[in-house]
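Asker: this is a predicted model, with the sequence first.
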Amino acid sequence: MRYFISLLLVWGAWSSALCQKEFTVACIAFYNLENLFDTLDSPDTDDLEFTPHGPNLYNSKVYWDKQQHLAKVLSEIGTEYTPDGPALLGVSEIENISVLEDLVKQPAIAQRGYRIIHQDSKDGRGVDVALLYQPKYFTPTSVFYYSLPTYFEDDSIKYSRDILFATGLLDGDTIIISVNHWPSRRGGEQTTAHLRNAAAIKNRCFLDSMAIHHRITKSIVMGDLNDDPVNESIRKYLRAEKSTEDLARNEMYNPFESFYRKGLGTTAYKDAWSLFDQIILSSPLAISPTGYRYYKAVVFNPPYLTQKSGDFKGYPMRTYSNGVYAGGYSDHFPVYVLLVKEKT
């Protein structure tokens, strides 16, 4: 089944008149799930914090409570425009595929039949990224992973979360989805900037190669980038612009830069908001005259996702507060974009 909306739009180069048309809608979302771990102590990763005997006392009750809470959020994202919610959903801070298998079976979203693209990364804490998709909208054709190295003074190499690249058909449109959780700013923003720049360069190289050798030009880069839309990793190395006006074919469009410039964010620290969670579109997807194209971007922050009191009042309502289970959702707000395609 497909869902349609009638939109009143000015299509710029495609029409000089205001016209009402009917469109197919696809919701594309990203959500940092904030430490969605199982309760087992894995011997190969540093996950003691999220076990029953760790400092968080992370037990089965907390685990299933968090699962239910996250499913509630996912069940509501984008449903104002399409009852099916996200056709594609990128996630980060998940420990393994089993926590996602439990998530997609939650009653609030089970009827969507989400399938999972995931592999365990080399990250020291064992956290990964993944892509969930509804098979009636998206058919994957190939998947690639890039292990993102980080270098230290003693020449040892450790790894951050993988970058996941998936190509496939979104309701007939060939598209590339890149899911990211770039290296953190721990140790200082400037000291670690080169790591996020490297992640942006890897995305850019992969997308350019796919465009040149396979002629796949519609692409989406999503994730918790640990940089704001104005940082050089995104503006300079990913080549993401704040407007579709005069957008070159090899540039990308970042609709979340306008949110950032208005003071909006997706996560907060020491009373300062950051907009690390973004969904960035290639130029052919942002302004395409055929097939799917960009319509709208949203930071999903309904009141129930916001902390109402205490030290973190106004912040996203997180799972733990000062080491105590707070019954929240995540320390990030999810984001989504709507793509539309004229109904034929």
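Answerer: Okay, I see it. Residues are numbered from 1 along each chain as shown.
Asker: contacts for stretch 204-222?
Answerer: 28, 30, 90, 144, 146, 165, 167, 173-180, 203, 237-240, 249-250, 252, 278-285, 288, 291-292 (CB atoms under 8 Å, 6 or more residues apart in numbering). (Glycine included, C-beta is placed from N, CA and C.)
Asker: partners of the longest strand belonging to the chain in the sheet?
Answerer: What stands out as the longest strand in the chain, according to DSSP state E, is strand 19-36. Applying DSSP bridges, strand 19-36 is found paired with strand 4-9 (antiparallel), strand 86-94 (parallel), strand 335-342 (antiparallel).
Asker: can I get those in a markdown table including mean pLDDT, mean neighbour count and distance to Pro107?
Answerer: As requested, those are exported to a markdown table (pLDDT from 0 to 100; neighbours: other CB atoms under 10 Å; distance: least, CB to CB, whole Å):
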| stretch | mean pLDDT | mean neighbour count | distance to Pro107 |
| --- | --- | --- | --- |
| strand 4-9 | 44 | 14 | 27 |
| strand 86-94 | 98 | 27 | 17 |
| strand 335-342 | 95 | 23 | 22 |
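Asker: what would those strands look like in JSON lines with distance to Gln68?
Answerer: Shown next, in JSON lines, are the strands paired with strand 19-36 (distance: least, CB to CB, whole Å):
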{"stretch": "strand 4-9", "distance to Gln68": "30"}
{"stretch": "strand 86-94", "distance to Gln68": "16"}
{"stretch": "strand 335-342", "distance to Gln68": "21"}
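Asker: so which of the ones you listed comes closest to Lys72?
Answerer: Closest approach to Lys72 among the strands paired with strand 19-36 (CB to CB): strand 86-94, 14.0 Å.
Asker: got a list of contacts for the closest one?
Answerer: Against strand 86-94 from outside (CB under 8 Å, 6+ apart): 26-36, 74, 77-78, 100, 114, 118, 127-134, 137-138, 161, 164, 170-171, 177, 179-181, 222-224, 336.
Asker: buried subset of the contacts of stretch 204-222 as a ChimeraX selection?
Answerer: ChimeraX command restricting the contacts of stretch 204-222 to the buried ones, with burial defined by 16 or more other CB atoms under 10 Å:
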select :28,30,90,146,165,167,173,174,175,176,177,178,179,180,203,237,238,239,240,252,278,279,280,281,282,283,284,285,288,291,292
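Asker: what segments of the stretch 201-344 of the chain are strands?
Answerer: Applying DSSP state E, counting those that start in this stretch to the stretch 201-344 of the chain gives strands spanning 219-224, 240-241, 252-253, 267-269, 272-274, 277-282, 293-299, 320-321, 324-325, 335-342.
Asker: make JSON lines out of those strands and add distance to Ala108.
Answerer: Formatted as JSON lines, the strands of the stretch 201-344 of the chain follow (distance: least, CB to CB, whole Å):
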{"stretch": "strand 219-224", "distance to Ala108": "22"}
{"stretch": "strand 240-241", "distance to Ala108": "33"}
{"stretch": "strand 252-253", "distance to Ala108": "32"}
{"stretch": "strand 267-269", "distance to Ala108": "24"}
{"stretch": "strand 272-274", "distance to Ala108": "28"}
{"stretch": "strand 277-282", "distance to Ala108": "21"}
{"stretch": "strand 293-299", "distance to Ala108": "19"}
{"stretch": "strand 320-321", "distance to Ala108": "22"}
{"stretch": "strand 324-325", "distance to Ala108": "21"}
{"stretch": "strand 335-342", "distance to Ala108": "17"}
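Asker: of all these, which lies closest to Arg261?
Answerer: Of these, the one closest to Arg261 (CB to CB) turns out to be strand 272-274, at 12.0 Å.
Asker: so how far is that closest one from its chain's centroid?
Answerer: 18 Å (CA atoms, centre = their mean, to the nearest Å).
Asker: okay but Leu247 is in contact with Ala240, surely?
Answerer: No. Using CB atoms under 8 Å, Leu247 makes no contact with Ala240, being 10.0 Å away.
Asker: okay, and the common contacts of the two?
Answerer: Tyr253.
Asker: sitting in helices, which of the contacts of stretch 204-222 do you find?
Answerer: Among the contacts of stretch 204-222, DSSP state H puts Asn203, Ser283, Pro284, Leu285 in helices.
Asker: picking that back up, nearest to Val62, of the strands of the stretch 201-344 of the chain?
Answerer: strand 324-325 (5.6 Å).
Asker: ends of stretch 282-295, what's the gap?
Answerer: Taking CA to CA, to the nearest Å, stretch 282-295 runs 14 Å from one end to the other.
Asker: what does stretch 260-271 contact?
Answerer: Stretch 260-271 is contacted from outside by 32, 228-230, 242, 259, 273-277, 299, 312, 314-316, 331-335, using CB under 8 Å, 6+ apart.
Asker: please spell out the PyMOL selection for the buried subset of these.
Answerer: Buried residues within the contacts of stretch 260-271, by 16+ other CB under 10 Å, are selected in PyMOL with:
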select buried, resi 32+228+229+242+259+273+274+275+276+277+299+312+315+316+331+332+333+334+335
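Asker: of the contacts of stretch 260-271, which belong to helices?
Answerer: Within the contacts of stretch 260-271, residues falling in helices by DSSP H are Phe259.
Asker: partner residues bridging Tyr325?
Answerer: Tyr320.
Asker: what sits against it?
Answerer: Taking CB under 8 Å, 6+ apart as the test, what Tyr325 contacts is Asn56, Leu57, Val62, Thr319.
Asker: now, the most widely separated pair of those?
Answerer: Greatest spatial distance in the contacts of Tyr325: Leu57 and Thr319, 12.2 Å, computed using CB to CB.
Asker: perfect, that will be all.
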